[in-house]
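Novice: Got a predicted structure plus its sequence, pasted below:
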Amino acid sequence: MNKIKVKRRCITLAIIIPIIILTQVMRPDKVEEIGEAPVRPAKVMTIEKEALTFERVFSGRTKAAKSIDLTFEVPGRLLEFPVREGQELKKGDLIARIEPADYQSRLNAAKAQFDKADIDLTRSVTLFEKKGYTGSSA
């Protein structure tokens, strides 16, 4: 088996060595010198600070990525809206002030209705305790 390996190596060397010798012999001795590339003219201009100002005009509409719809528990005319777009708010900050007349009249009506119901309850409890309950208070 060693003889076969030795024969293969000899054959390989016998092929490679002549190829290397031929490439060295046929190589040109002189290398062509590359001349300098011709200089091409270029347009040159000086940019001044005033020349950098420009204006772009686009037509279209912008829309916020996030929006919040505000609703109030009571109706009324808006008197004050101190919040600006993009302003960050903290808990308890005033967002809007509504005219108090509308909801104040509703509050007064609710209080009056509550007072009447409280009086009716007191009357009913008193009558019930005396065993003289009449049924309705119209």
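Specialist: Yes, it's here.
Novice: May I have the phi/psi pair for L79?
Specialist: The phi/psi pair for L79 (degrees, to the nearest 10) reads phi -100, psi -40.
Novice: Measure how buried the closest residue to it other than its chain neighbours is and give me the count.
Specialist: Spatial nearest neighbour of L79, chain neighbours left out: R97 (4.8 Å); criterion: CB to CB, 6 or more residues apart in numbering. Every residue, glycine included, has its C-beta placed from N, CA and C. Neighbourhood size, R97 [other CB atoms under 10 Å]: 12.
Novice: cool, the one 4 residues further on as well?
Specialist: For A101, the neighbour count with other CB under 10 Å is 10.
Novice: where's it relative to I95, distance?
Specialist: Look at A101 and I95: by CB to CB, to the nearest Å, they are 20 Å apart.
Novice: List the contacts of the closest residue to D102 other than its chain neighbours.
Specialist: Spatially, and ignoring its direct neighbours in sequence, D102 is nearest to G76 (4.2 Å; CB to CB, 6+ apart). Neighbour list for G76: 98-103 [criterion: CB atoms under 8 Å, 6 or more residues apart in numbering].
Novice: and if you look at V6?
Specialist: Contacts here follow CB under 8 Å, 6+ apart; on that basis V6 touches nothing.
Novice: On the three-state scheme, I95 is what?
Specialist: Recorded secondary structure, I95: coil (DSSP: H, G, I helix; E, B strand; the rest coil).
Novice: Please enumerate the helices of this structure.
Specialist: 2-25, 100-129 (DSSP state H).
Novice: sorry, back to before: tell me which two in the contacts of G76 are the farthest apart.
Specialist: Spatial extent of the contacts of G76 (CB to CB) is set by the pair I98 and A101 at 9.5 Å.
Novice: so how far is G86 from the spatially most central residue of the chain?
Specialist: Among the residues of the chain, A65 comes closest to the average C-alpha position under CA atoms, centre = their mean, at 7.2 Å. Here the criterion is CB to CB. By it, A65 lies 11 Å from G86.
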